[in-house]
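Q: Next come a sequence and a model predicted from it.
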Amino acid sequence: MIELNWNLLFTVINLLILVVAMRFVLFKPIRKILAARQAEADALFMEAEKKVSDAEAAKQEAETEKANAILAKKDVLAASHNEAEAERKEILSRAQGEAEKIKAAAEKDAENYKKQAVKDAEREITELIASATEKVMAEKSGAETDSALYDQFINNSEA
């Protein structure tokens, strides 16, 4: 049969006591330290993921604001263009109105000048006729006198 060696039995008991003692003294504190470090690492990863998601949200918001700013810029440019076009049309309309007034005034002035020139010409012709008539009446009548008066009349009207 198997002979029981007391040395072997005490060695096994010592080994069991040592394993139990190491479990309480060594393994439990190491597991607590490892669990704490794992929890800390998980917290850091969660914080990093939160910061990444916050950065992505901020980036998306900035892109949205940029798009809105571009749309606002286009709206402002379109409004400015429309306003400038309306002002151009108004200025052009006023300029055409003033041009028509100036043209009408110039035509009226030209007509008045023409009438005045005709009146002056009529007055001058009347004076020449009166002068010629006086001379004809004062002198003898005849072909020579008529020819001389006609020549004198022509010379006066050219001068």
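A: That came in fine, so what should we check first? Numbers count the residues shown, from 1 in each chain.
Q: Show me what the longest helix along the chain is packed against.
A: For the chain, the helix that runs over the most residues, judged by DSSP state H, is helix 28-138. Here helix 28-138 touches helix 143-158, going by 3 or more C-beta pairs under 8 Å, 6 or more residues apart in numbering; DSSP states H and E. Any C-beta I mention is one placed from the backbone N, CA and C, and that applies to glycine too.
Q: Check which residues of the helix it packs on are buried.
A: Residues of helix 143-158 classed as buried by neighbour count (16 or more other C-beta atoms under 10 Å): Leu149.
Q: Give me the number of neighbouring residues for Ala110.
A: Neighbourhood size, Ala110 [other C-beta atoms under 10 Å]: 10.
Q: Okay, now the unreliable bits of the chain?
A: Flagging of the chain using pLDDT under 70 yields the residue ranges 1-4, 136-143, 145, 157-159.
Q: let's see it at 80
A: Residue ranges of the chain with pLDDT under 80: 1-5, 130, 132-154, 156-159.
Q: picking that back up, to the chain's geometric centre, what's the distance from the longest helix of the chain?
A: Helix 28-138 has its C-alpha centroid displaced from the chain centroid by 8 Å (C-alpha atoms, centre = their mean, to the nearest Å).
Q: swap in stretch 122-139?
A: On C-alpha atoms, centre = their mean, the centre of stretch 122-139 falls 77 Å from that of its chain.
Q: For it, list every residue counted as buried.
A: By neighbour count on 16+ other C-beta under 10 Å, the buried set for stretch 122-139 is empty.
Q: can you dump the C-alpha coordinates of that stretch into PDB?
A: Only the C-alpha atoms of stretch 122-139 are listed here, as PDB (Å, rounded to 0.1, in the frame of the first residue of the first chain):
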ATOM      1  CA  GLU A 122     -39.100 141.300 -93.100                       C
ATOM      2  CA  ARG A 123     -38.300 144.600 -91.400                       C
ATOM      3  CA  GLU A 124     -35.100 145.000 -93.400                       C
ATOM      4  CA  ILE A 125     -36.900 144.200 -96.600                       C
ATOM      5  CA  THR A 126     -39.600 146.600 -95.800                       C
ATOM      6  CA  GLU A 127     -37.000 149.300 -95.100                       C
ATOM      7  CA  LEU A 128     -35.200 148.600 -98.300                       C
ATOM      8  CA  ILE A 129     -38.500 148.700-100.300                       C
ATOM      9  CA  ALA A 130     -39.400 151.900 -98.600                       C
ATOM     10  CA  SER A 131     -36.000 153.400 -99.300                       C
ATOM     11  CA  ALA A 132     -36.200 152.300-102.900                       C
ATOM     12  CA  THR A 133     -39.700 153.600-103.300                       C
ATOM     13  CA  GLU A 134     -38.600 157.000-101.900                       C
ATOM     14  CA  LYS A 135     -35.700 157.100-104.300                       C
ATOM     15  CA  VAL A 136     -37.900 156.100-107.200                       C
ATOM     16  CA  MET A 137     -40.400 158.700-106.400                       C
ATOM     17  CA  ALA A 138     -37.800 161.400-105.900                       C
ATOM     18  CA  GLU A 139     -36.000 160.700-109.200                       C
END
